[in-house]
Every structure is written in C-alpha cells, then in structure tokens.
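Engineer: sequence unknown, structure follows:
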C-alpha cells in the first residue's frame, strides 16, 4: 500500500465538492494502491453534542465516535465509483490489487486495540496515522476543508499564514493547527510523511500521491 488518505467529515458540508473528490479518488485507485480512512463528520458531531449534555464516560464516547466513522465510510462508498468497504487491512490490500478503492470501516480494527487513548484528543487524524504505521506506507494524507496548517487560527486572524512545512515538535504548539492533539505523538517516531491538504481541490491530492508539488502542509516524519 502506497498511502493512507483520510477523508474529513467536514467535506460533506458541500456534497457537490465531496462527490467530485470521490470521483478523483476512484480514478486514483486505478493507478495507485491507497486506502481511504473516513472522518466522523456530522455523525461524530452528534456524539459530541450528546456528550456535552450527558457527560458520558470517555470509553463510551470513544466507541461511539469510532462507529461514527463507519457510518461516514458507508456514505463515502455509496458516493465513490469502484469502491468497496473493508474491515481489515488484509482485505484492503486484496481490494486494492483489484484496482478498486478500499474504504475502511475502522471500528473492528480500532476498538480491538489499546494503543490509542480513549478521549476527544484522538480523532480520525490519529486513527489514520495509527493505520498508516501498521501498513508501512510512506505517505499519510489528511484531506480536510482547509489548505493546511496555519501559524495561527485563520478563523480569528486574517493575517494567518499557511505553513508549507512543519516539524512534529512544533506542530502541537501552533494555534492554527487543524489536526487533533494526539497526532504529534504518533508522528514523532513514524516512518512516513504526513500531508494536510484541501479536499476541495482534488488535483492537489493526486499531485501529492504522484510525487508532485501542491499547496498543502507537509509534517515531517519523526524517523
């Protein structure tokens, strides 16, 4: 497997753009071996809202949020030509060899491990990094609705600047970071590079997979 691509749930806010991305990912699978890890999107947001009202135990909300990723994964598969939902990494490899796009329903894999913290600090970002490490890929793409990581929060500061590259140690200190809090810990000793890229511009995803240049933030691997 060449790369893991996490498709953020925020991209579902514009279904037209999401469908375009799904078509590009489908074509990409015909030339490259990639695995899609879904975000949680509105399904995970519903869990957050319930948790804010009920103050549920962390192990319960963690399980609910991971299952939310499965729901988004089922939706992505319905929108993506030549795709197939998978539950294991071995199955993902077999599907990819058939030039289909595997979309992981991650709950079986993730809920069966104690390697990830059970808190809101762990989202599909960290889960994608965990899966990338297990697969031994060289690239992890976190596909979101923003261009990358900024030096400060772009929603609050109009002068925020996109960072083309950032080290793992600096990542957790940046106010404009759009990744979860646990991700730097997983990337610190990883064997792959991580890219934060805007899924509203699907050609950027293709260029990164194919070794070209694209507007994004590259987070350097720890190893």
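Structural biologist: On my side now, so go ahead. In this text, all values refer to a predicted model and were calculated from it rather than measured experimentally.
Engineer: who's in contact with residue 72?
Structural biologist: For residue 72, the contact set (CB atoms under 8 Å, 6 or more residues apart in numbering) comprises 9, 12, 38-41, 43-44. In this view, the C-beta of every residue, glycine as well, is placed from N, C-alpha and C.
Engineer: For it, give me phi and psi.
Structural biologist: phi -70, psi -40 (degrees, to the nearest 10).
Engineer: host element of residue 159?
Structural biologist: Using DSSP states H and E, residue 159 falls within no helix or strand.
Engineer: Tell me the confidence at it?
Structural biologist: Note on residue 159: pLDDT of 92.
Engineer: Please apply the same query to residue 223.
Structural biologist: 48.
Engineer: Quick check: closest non-adjacent residue to residue 210.
Structural biologist: residue 32 (7.6 Å; CB to CB, 6 or more residues apart in numbering).
Engineer: re earlier: out of the contacts of residue 72, list just those in strands.
Structural biologist: residue 38 (DSSP state E).
Engineer: Return the closest of the contacts of residue 72 with respect to residue 142.
Structural biologist: Closest to residue 142 out of those is residue 39 (9.1 Å), distances taken as CB to CB.
Engineer: Phi first, then psi, for that closest one.
Structural biologist: Backbone phi and psi, for residue 39 under degrees, to the nearest 10, turn out to be phi -80, psi -170.
Engineer: Not counting sequence-adjacent ones, nearest residue to it?
Structural biologist: residue 9 (3.6 Å).
Engineer: and if you look at residue 45?
Structural biologist: Residue 45's closest residue in space is residue 9 (CB to CB, 6+ apart), at 7.7 Å.
Engineer: same deal with residue 79?
Structural biologist: In space, residue 79 is closest to residue 22, 4.7 Å off (CB to CB, 6+ apart).
Engineer: before we move on, what about residue 204?
Structural biologist: Residue 204 sits nearest to residue 214 (CB to CB, 6+ apart), 3.9 Å away.
Engineer: Which parts of the protein are strands?
Structural biologist: 3-7, 34-38, 83-86, 101-104, 139-144, 165-166, 193-198, 217-219.
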